[in-house]
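1. Below are the sequence and a predicted model for it; my questions follow.
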Protein chains: 2
Amino acid sequence: MRATIIHGRHDVRLEEVADPSIVADTDAIVRVVRSCVCGSDLHRYRGTISIDRPKPIGHEFVGVVEEAGREVKNVKPGDFVIAPFYICCGTCVNCRSGWTVNCLNVGWWGGGSDGNNSENAGQAEIVRVPQADGTLFVVDGGMPAEELLPGLLSLSDVMCTGHHAAVSAGVKQGSTVAVVGDGAVGLCGIIAAKRLGASRIVAMSRHADRQELAVEFGATDIIAERGEEGIAKLKALFSGIGPDAVLECVGSQESMDQALASARPGGQVGFVGVPAGGSIIAVRTLFDSNVGVRGGVATVRDYIGELLPDVLNETIQPGKVFTEAMPLDQVAEAYAAMDERRTIKAMLIP
Amino acid sequence: MRATIIHGRHDVRLEEVADPSIVADTDAIVRVVRSCVCGSDLHRYRGTISIDRPKPIGHEFVGVVEEAGREVKNVKPGDFVIAPFYICCGTCVNCRSGWTVNCLNVGWWGGGSDGNNSENAGQAEIVRVPQADGTLFVVDGGMPAEELLPGLLSLSDVMCTGHHAAVSAGVKQGSTVAVVGDGAVGLCGIIAAKRLGASRIVAMSRHADRQELAVEFGATDIIAERGEEGIAKLKALFSGIGPDAVLECVGSQESMDQALASARPGGQVGFVGVPAGGSIIAVRTLFDSNVGVRGGVATVRDYIGELLPDVLNETIQPGKVFTEAMPLDQVAEAYAAMDERRTIKAMLIP
């Protein structure tokens, strides 16, 4: 089969590799129907996170089960499944309490073959899925209509991550919200905030194409300015004190500082941006403002069930963040297009 | 009248000063019935926070209104009132949204006489209260029974601050809780956690007298160990992952680190300790664990109404944190006793 291998900075290649097969009785083999490139893949692509050896890459995919190990109970050949961006057992105390991303037996795609991890990754034709019962979410009814595939794919990471930002920020009916970051995650954060009942949603965005999608997804206001100027414009919209909730969907020190300075006293920042470069928060900043901070790596597997019906009936259309669809053999171009911001998010069709 | 003046390190004196009088039409004059020394007063007493000139001190008091300015509507002479540790207008957008501590016209006791602040402070016989309508909470029925005074006094700061820690940590029916810090605030955090329905409350405490009070207030377990050893013992009580909520009631880097490392994945730290020495939080720590952080300076004025009935009917007895009562002229001894940990909290009787 063919799989995407990252060799180093600006160097991803589609290569011929051995077909995966069942290793443990709890494995399943999934033929990928759609996968995509994540903003976090760009860290390795840009060299901001270094790799020690060529590695399979890609952690968002949907597909059809081809084979299931003898102990697998919840999935069977022919099932259409959504794979979250991590591997989880579904039975440990964290999984049982709704924090599968903090599974005590958590594993990663392309992370090796030590039982929890899979040596395969999502930007490929076939994937071995360890802990298949815990990891995979079955969509009833077999292969969905093609137009639903982008939305279903978004549930493997980006839509659920936007939802995690909104939930972490405490967004509820009537909340006022600002979203820092206009990438695919920020845009899904807008969808999530609207879905949770936000009364006003401000997108902090400088790019025309993203502003347009932000408004389509539910943003009521756009602020293009950054830093102090952006914060001042935002506060002016909300009695001079700022919105109830701020979704931090970037991951830099600047974006976190902006989010903390934007929320009203007693408000809340929900963050999902992978922290780059050792970002910190001064406790005094939180103390004086009573602004809370919650978030982290999104517990995607726990959210799929809640969001799936809205995707299937197209009440929400997170699939629109895929502004381009390409055959898998153009994966290098998909990375380049996202790196150069020529596309918001690229879907790959094996 | 007599008022406590702090002159410098280990130097507080009860001095004869001019009686305060109405300055603005929104002022009230309150004769103090009970006041006390706060752990945060010890920062100035110990010299960890320096003062630029001798200043009136004390920010927790209850008393009887002697006189009200012409524009004051909510309090009248003879009313028994609880004063929160700050001065607030009650009408700005933050006050209206339940964050009086972040009042846009916030003022402080002993902070001067610029309109928002009062040049008087609580460890005195009489206090001028600016913005009396917003600041003072009237207890119906005039002067309460003497045995209720300590509990009522605790609502001016310490009980409401413990409650803020518990609310900020998201404590609700069935929550599992740990409390870091066994001072008066931590002990009130235990009362608050129990009141909010916590199913299990672990007090991290090394002092026998405080352990005893912790258990009386609702602690189900005591852990005397600190640091890694304490965290390991705590996690062992909760399936190896830690409790849902951790109340950080100290304010040091060590206590914040301990709290963050103690909560289960997806749990929450509620903090109220005044941050000393520039404490920080690494965003990565929150990201990996999905532990949230909320808290800060407690919005006491907003909580008094909720907690007052339970104090009046003695369902909760936060007044027990006052392990000593002294006449006001022994204020220097009250500071020394708290500084040397000979008493948990000292009440002063003018």
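-> Yep, that arrived.

2. Residue of the stretch 101-250 of chain A nearest chain B, please.
-> residue A:102 (3.4 Å; Cβ to the nearest Cβ). C-beta: built from backbone N, CA, C; applies to glycine.

3. show me what contacts that residue?
-> By Cβ atoms under 8 Å, 6 or more residues apart in numbering or on different chains, the contact list for residue A:102 reads A:94, A:299, B:265-266, B:289-290.

4. try it again with 10 Å
-> When the contact criterion is Cβ atoms under 10 Å, 6 or more residues apart in numbering or on different chains, the partners of residue A:102 are A:86, A:88, A:92-95, A:296-297, A:299, B:241, B:264-266, B:288-291.

5. From residue B:246, how far out is it?
-> 16 Å (Cβ to Cβ, to the nearest Å).

6. per the record, what domains does chain A have?
-> Listed by automatic domain parsing, the domain ranges of chain A are A:2-157+A:299-349, A:161-295.

7. any weak-confidence spans in the stretch 51-200 of chain A?
-> By pLDDT under 70, the stretch 51-200 of chain A has no low-scoring segment.

8. where does it come near chain B, residue by residue?
-> Within reach of chain B by Cβ under 10 Å from any Cβ of the partner chain, the stretch 51-200 of chain A has these residues: A:92-94, A:96-104, A:164, A:168, A:170.

9. out of those, which are buried?
-> Buried subset of those (neighbour count, 16 or more other Cβ atoms under 10 Å in any protein chain shown): A:92-94, A:97, A:99-104, A:164, A:168, A:170.

10. need the helices for the stretch 251-350 of chain A, in chain order.
-> A:253-262, A:283-289, A:300-312, A:331-339 (DSSP state H, counting those that start in this stretch).

11. List the buried residues in the last one.
-> Buried residues in helix A:331-339, counted by 16+ other Cβ under 10 Å: A:331-338.

12. So for that helix, mean pLDDT?
-> When pLDDT is averaged over helix A:331-339, the result is 97.

13. by contact count, what packs against that helix?
-> The elements that helix A:331-339 packs onto, with contact taken as 3 or more Cβ pairs under 10 Å, 6 or more residues apart in numbering or on different chains; DSSP states H and E, are strand A:2-8, strand A:11-16, strand A:28-36, helix A:41-46, strand A:324-327, strand A:346-349.

14. Among those, pick out the one with the most neighbours on average.
-> strand A:28-36 (a mean of 25; mean count of other Cβ atoms under 10 Å in any protein chain shown).

15. Strand A:2-8 and that one, what's the angle between them?
-> Here the directions of strand A:28-36 and strand A:2-8 differ by 60 degrees (axes from the mean of the first three to the mean of the last three Cα atoms, to 10 degrees).

16. elements contacting strand A:28-36?
-> Secondary elements touching strand A:28-36 (3+ Cβ pairs under 10 Å, 6+ apart): strand A:61-68, strand A:80-83, strand A:126-129, helix A:132-135, helix A:149-154, strand A:324-327, helix A:331-339, strand A:346-349.

17. 8 Å instead, please
-> Applying 3 or more Cβ pairs under 8 Å, 6 or more residues apart in numbering or on different chains; DSSP states H and E, one finds that strand A:28-36 contacts strand A:61-68, strand A:80-83, strand A:126-129, helix A:149-154, strand A:346-349.

18. so residue A:196 sits right up against residue A:166, yeah?
-> Yes. With contact defined as Cβ atoms under 8 Å, residue A:196 counts as touching residue A:166 (5.6 Å).

19. out of the two, which sits in the more crowded spot?
-> More crowded of residue A:196 and residue A:166, by other Cβ atoms under 10 Å in any protein chain shown: residue A:166, with 28 against 19.

20. Report the next helix or strand after the strand or helix carrying the more buried one in sequence order.
-> According to DSSP states H and E, residue A:166 maps onto helix A:158-168. For helix A:158-168, the following helix or strand on the C-terminal side (DSSP H and E) is strand A:176-180.

21. pull the CA atoms of that following strand into PDB?
-> Written as PDB, here are the backbone C-alpha positions of strand A:176-180 (Å, rounded to 0.1, in the frame of the first residue of the first chain):
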ATOM      1  CA  THR A 176     -20.600  36.400  24.200                       C
ATOM      2  CA  VAL A 177     -17.600  34.900  22.500                       C
ATOM      3  CA  ALA A 178     -14.400  35.900  20.700                       C
ATOM      4  CA  VAL A 179     -12.200  33.500  18.700                       C
ATOM      5  CA  VAL A 180      -8.500  34.100  18.500                       C
END
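
22. Tell me the helices and strands packed up against that strand.
-> Checking 3+ Cβ pairs under 8 Å, 6+ apart, strand A:176-180 ends up next to helix A:184-195, strand A:200-204, strand A:245-248, helix A:253-262.

23. Quick check: residue A:186 vs residue B:7, distance?
-> Distance from residue A:186 to residue B:7, counting by Cβ to Cβ: 54 Å.

24. From chain B, how far out is the nearest residue to residue A:49 once chain neighbours are set aside?
-> Nearest residue to residue A:49, sequence neighbours excluded (Cβ to Cβ, 6 or more residues apart in numbering or on different chains): residue A:43, at 4.2 Å. Residue A:43 sits 14 Å away from chain B, going by Cβ to the nearest Cβ, to the nearest Å.

25. rewinding a little: redo the buried residues of helix A:331-339 as JSON lines? Include distance to residue A:237.
-> What follows is the buried residues of helix A:331-339, written out as JSON lines (distance: Cβ to Cβ, whole Å):
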{"residue": "A:331", "distance to residue A:237": "41"}
{"residue": "A:332", "distance to residue A:237": "42"}
{"residue": "A:333", "distance to residue A:237": "40"}
{"residue": "A:334", "distance to residue A:237": "37"}
{"residue": "A:335", "distance to residue A:237": "37"}
{"residue": "A:336", "distance to residue A:237": "37"}
{"residue": "A:337", "distance to residue A:237": "34"}
{"residue": "A:338", "distance to residue A:237": "31"}
